[in-house]
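> Generate coordinates for the sequence data below:
(chains A and B)
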Amino acid sequence: MHGRVKVRTTAEQEALKKKERAEKLSRYRIGMSIVFKKRKDKVYDDELMMVTERMVLQNPDIYTLWNIRREAFINNDWDEKLLEEFYQNELRLTENCLKQNPKSYWVWYQRIWITNHLAECNWKKELMLCTKCLNLDDRNFHCWNYREFVVQKAGISPEEEFEFATSKILNNFSNYSSWHYRSLLLSKMFHNSDQNDIDEKKKQELDLVMNATFTDPNDSSAWFYQRWLLNTHECLATLSQALIKSDNVILFANKNISTESIYLKVNNKNENVQWKSLQQTKISKLWFGKLKKQLNEINNVQIEIEGTFYPLVCINQKWIYKKRKYKFCSNKDQLLEQLSSYKQLIEMEPNNKWAYLTSILLMRKIDFIKFYENILTNLNVLVNIDSLRSNYYKDLRSKYIIEYKIYELWNIEEDQEIKTEIDLSGLNLTTLSNNEHFSFFEQINLSANYLSDSLHQLFILQSCTKLSLSSNQVENLKKFPTLQNLEVLLLRNNKLNNLEEILQLLTRHKLKLLDLRENPICNTKELQTGIAQISPDLQLYIE
Amino acid sequence: MPVLKHDIELPASVPELLLEKHANFLLSYGTDKDEYMYCMTEHMRMSGMYWGLTALDLMGKLEQTNRNEVLEFIAQCQTESGGIAASLQHDPHILYTLSAVQILCIYNALDTIDIEKVVKYVKERQQPDGSFTGDIWGEIDMRFSFCAVATLSLLNRLDVIDVEKAVEFVMKCMNFDGGFGSKPGAESHAGMIYCSIGLLSITGNLHLVDADQLSWWLCERQLPSGGLNGRPEKLPDVCYSWWVLSALTILGRLHWVNKEQLVKFVLACQDTESGGFSDRPGDIADPFHTLFGLTALSLLNTDYPLKKINPTYCMPEYVIQRLHLKPARLDQSN
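Numbering: from 1, shown residues only, chains lettered A, B, ... in the order given. Here you go, the predicted model:
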């Protein structure tokens, strides 16, 4: 029951209501029994149509009644003309039902079923019905869906509908459904356009949406659309980084790919590779490969992804490919202008979280490195002014910090090198985010952060041999994944107190060194003997 | 903060959780077979029973329900087609087929119905594009995809459908905001997102989702009142506490909403006289919102004496474990 307010009534009103309800109930029961009897006897007569019509007008959600009416349409002995009349009547009936209950799935479907059965449907009229209905409630998704159905049936082009969507938005900026519809049409139109047309269209959209956000800065609708526009819409999969070391390959692309579109070419011949994704999924951004034999240094090695070739350079028995550039943004001037406009909006409305968030997205797109400090400052503001979502902003901050630190590493690494070590200690990280670069690092320092709830994310550290999680307030290791290369694990100054979990962790790993200093578990007598039984050669630090 | 157009104000005092009252509200529901509201909701009886029984199980009151009566009713609602109807003489539909199977799993009594026939019925619903119809009349909707996949997985018979195609259809329903609608092109809606994420969780395909983007949209459903809405610029409603929270839990980002504020909103939606929860404070309570109020509290790991709920199936966790099912979650590594 949605939106039905509980009201207090007097005894007299109560008695009257009771009487009315008893009558209604009795009518319902008599009606249902007539309908079920006639259905059983296969009598599809006028009375059946009348009774069911009366009943669906009372309650359009009794789906079986609609089914029975459809049976009547199929099994009747009406001639063509009469059938057409019944169909037209059904259109009127569904319209009347929708007037009272515009959100009944069953009624909308009945209308679809009827229009599909009409010899000739007047789709223009159906489109007008949608427009009328959307004028009454422009968020009714049933009606939007029906419109989509009609548009397809009537063969209306996305360009034509785009005009309708524009008029809807200009009429009311604060309408998420219209923005959604616009994104849909735009995506369809993008499908047949080249990149220049897409960029041009997106520029126009950015102007429109900024206008909308200034008209009603506290309505969230347009802001969502804007965030979508600021995303990059890349169609092609490209290789981001690859590393081959002895018989192991790691690579990741900018989007999900399947192994069918990856080829490793040695001297222009396809090499046999056993590919595996992290969760054994068929598509993934990140892939781990096993070679049959190690590569020979003079080999010409390339990776092919969806038709594009990426040459790998060989140095010290390693083959690497790395893409080290941020994407060029074609409308920097426009974005800078928007950024300064939102600065003004923030001055006028210092608590408008959308202006802060959008500024972050703009800065990230214009020049992430240059604006890095401003982005963090804005995020800190958001943690305070939008406290319901403070954990979201903290996680977003962690994601940006990690990206920045990886970028810093790129600046110091040599041309033909991929760094294998990263220090991310003391950065207030609350999540590891899903950064594929992590799979390449062998030594990772995550100490002095807040990662106790993110241990499951360590799964991505597939090459890691030495890991520090000291001072992270870790209370348990239940979600600590199995990392097959891990040798050194530093867990100093945490809140570990469960021996079972530690022993379990040791059985899953071949650790050489484990640091458990400053954990409550150190006071447990059985700790040393328990560990010695499982890993006798382990170097253990407990005090 | 400016007052939002689409939100409510919570009453000054918020009641404690009134478990005893909710149990009585649900247990007494349907004891009078001539009660008006009960009779007039006959066309969704099977789901109504699932809502009530699941909620009672969470509160540890399942043994007080009339197991035999329920099982007998379900057996009678299975039709020749194999599908299960909402009620006697009504037509079979995939919505009520799932509700019936969920109840039977909770009672550990799947042998009440002809399982092979259910499997056949569900299998027949799948279309060449991977989508599912609700019944023989052809309506297509994301809800039906979820119902089909959930039903078959509870019966351990997912092998009879083309799972890859089913997943493909879900991905066609993904929108610009990372959410999902009821069919390709339909606007994102928290209920449909639950169905989509649930299906991807059962079939192990959560990697197809941009979890950060979608979870941000989901956590933006929380309004200053603490309650959650199902789409932008809509009023909060207790049932979205379930659709949004379950999806966020599966995506490993439950902490992106403010738990304390949400608990307060859910508690404010209790009917302190008759028991039960309503959509918003002061409205009429019903079994649907009562279940979703309680499941939200269960997911939020509050200290209330409620059993744990499984976010994918909306059934008690112990039942899912008894069936040896392991729907995927992004907060678990392998």
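
> Skipping adjacent residues, who's closest to B:Glu317 in space?
B:Lys308 (4.0 Å; CB to CB, 6 or more residues apart in numbering or on different chains). Just so you know, the C-beta spots here come from the backbone N, C-alpha and C atoms, and that holds for glycine as well.

> just checking, B:Arg143 touches B:Gly181?
No: contact criterion CB atoms under 8 Å: B:Arg143 and B:Gly181 do not qualify, at 11.1 Å.

> which residue does the stretch 151-300 of chain B bring closest to chain A?
In the stretch 151-300 of chain B, the residue that lies nearest chain A is B:Phe176 (3.6 Å; CB to the nearest CB).

> give me the element that residue is part of.
Here B:Phe176 is covered by no helix or strand, with elements defined by DSSP states H and E.

> Next: A:Ser341.
Assigned by DSSP H and E, A:Ser341 belongs to helix A:332-348.

> that older thread, hey, what's in contact with both of B:Arg143 and B:Gly181?
Taking CB atoms under 8 Å, 6 or more residues apart in numbering or on different chains as the contact definition, B:Arg143 and B:Gly181 share the neighbouring residues B:Met192.

> These two - which one has more neighbours?
Between B:Arg143 and B:Gly181, B:Gly181 has the larger neighbour count (other CB atoms under 10 Å in any protein chain shown), namely 24 against 21.

> picking that back up, from the contact counts, what lies against the helix or strand following the helix holding A:Ser341?
Going down the chain from helix A:332-348, the next helix or strand is helix A:353-367, by DSSP H and E. For helix A:353-367, the helices and strands in contact under the criterion 3 or more CB pairs under 8 Å, 6 or more residues apart in numbering or on different chains; DSSP states H and E are helix A:195-215, helix A:221-230, helix A:332-348, helix A:372-385.

> Now do the helices in chain B.
Counting by DSSP state H, the segments of chain B that form helices are B:19-28, B:36-40, B:45-58, B:67-77, B:94-106, B:115-125, B:142-154, B:163-172, B:190-202, B:211-219, B:238-250, B:259-268, B:287-299, B:317-322.

> who touches B:Ser196 in this structure?
Each residue near B:Ser196 by CB under 8 Å, 6+ apart is listed here: B:Met142, B:Ser145, B:Phe146, B:Val170, B:Cys173, B:Met174, B:Phe180.

> And for A:Ile250?
By CB under 8 Å, 6+ apart, the residues touching A:Ile250 are A:Ala242, A:Leu243, A:Leu286, A:Trp287, A:Phe288, A:Gly289, A:Ser439, A:Phe440, A:Gln462, A:Ser463.

> Make CSV from those residues and add secondary structure and distance to B:Leu95 to it.
Compiled in CSV, these are given as follows (DSSP: H, G, I helix; E, B strand; the rest coil; distance: CB to CB, whole Å):
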residue, secondary structure, distance to B:Leu95
A:Ala242, strand, 48
A:Leu243, strand, 50
A:Leu286, strand, 38
A:Trp287, strand, 40
A:Phe288, strand, 42
A:Gly289, strand, 45
A:Ser439, helix, 43
A:Phe440, helix, 48
A:Gln462, coil, 43
A:Ser463, coil, 48
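
> just the helices and strands packed on helix A:353-367: most buried one?
When these are scored by mean count of other CB atoms under 10 Å in any protein chain shown, the highest mean neighbour count falls to helix A:221-230 (a mean of 23).

> Could you check the angle that one makes with helix A:353-367?
Compare the direction of helix A:221-230 with that of helix A:353-367 by axes from the mean of the first three to the mean of the last three CA atoms, to 10 degrees and you get 10 degrees.

> Can you give the contact residues for helix A:221-230?
If you take CB under 8 Å, 6+ apart as the criterion, helix A:221-230 is touched by A:173-176, A:178-179, A:182-183, A:202, A:205-206, A:209-210, A:212-213, A:216, A:354, A:357-358, A:361-362, A:365, B:176-177, B:217, B:232-233.

> Same question for stretch A:288-306.
So stretch A:288-306 is contacted by A:236-239, A:242, A:244, A:246-251, A:253, A:257, A:261-268, A:271-278, A:309-312, A:314, A:317, A:319, A:321, A:439, A:462 (CB under 8 Å, 6+ apart).

> now, which of those residues lie within helices?
When DSSP H defines the helices, the subset of the contacts of stretch A:288-306 inside them is empty.

> Buried ones from these, can you make that a PyMOL selection?
Only the buried entries of the contacts of stretch A:288-306 go into this PyMOL selection, using 16 or more other CB atoms under 10 Å in any protein chain shown:
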select buried, chain A and resi 237+239+242+244+249+250+251+253+257+262+263+264+265+266+271+273+275+277+278+310+312+314+319+321+439+462
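
> what pLDDT does the nearest residue to B:Asn24 once chain neighbours are set aside get?
Distance criterion CB to CB, 6+ apart; nearest residue to B:Asn24, sequence neighbours excluded, is B:Gly275 at 5.6 Å. Listed pLDDT for B:Gly275 reads 97.

> Any stretches of the stretch 401-543 of chain A with poor pLDDT?
Under the criterion pLDDT under 70, no range of the stretch 401-543 of chain A is flagged.

> Quick one: the strands in it, in order.
Assignment of strands within the stretch 401-543 of chain A using DSSP state E, counting those that start in this stretch yields the ranges A:421-423, A:443-445, A:466-468, A:488-490, A:513-515, A:539-541.

> could you dump those strands to CSV with distance to A:Glu95?
Formatted as CSV, those follow (distance: least, CB to CB, whole Å):
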stretch, distance to A:Glu95
strand A:421-423, 64
strand A:443-445, 64
strand A:466-468, 65
strand A:488-490, 68
strand A:513-515, 72
strand A:539-541, 77
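
> any chance of those strands in TSV, with distance to chain B and mean neighbour count too?
TSV is the format used below for the strands of the stretch 401-543 of chain A (distance: least, CB to the nearest CB, whole Å; neighbours: other CB atoms under 10 Å in any protein chain shown):
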stretch	distance to chain B	mean neighbour count
strand A:421-423	20	15
strand A:443-445	16	19
strand A:466-468	14	20
strand A:488-490	16	20
strand A:513-515	20	18
strand A:539-541	25	14
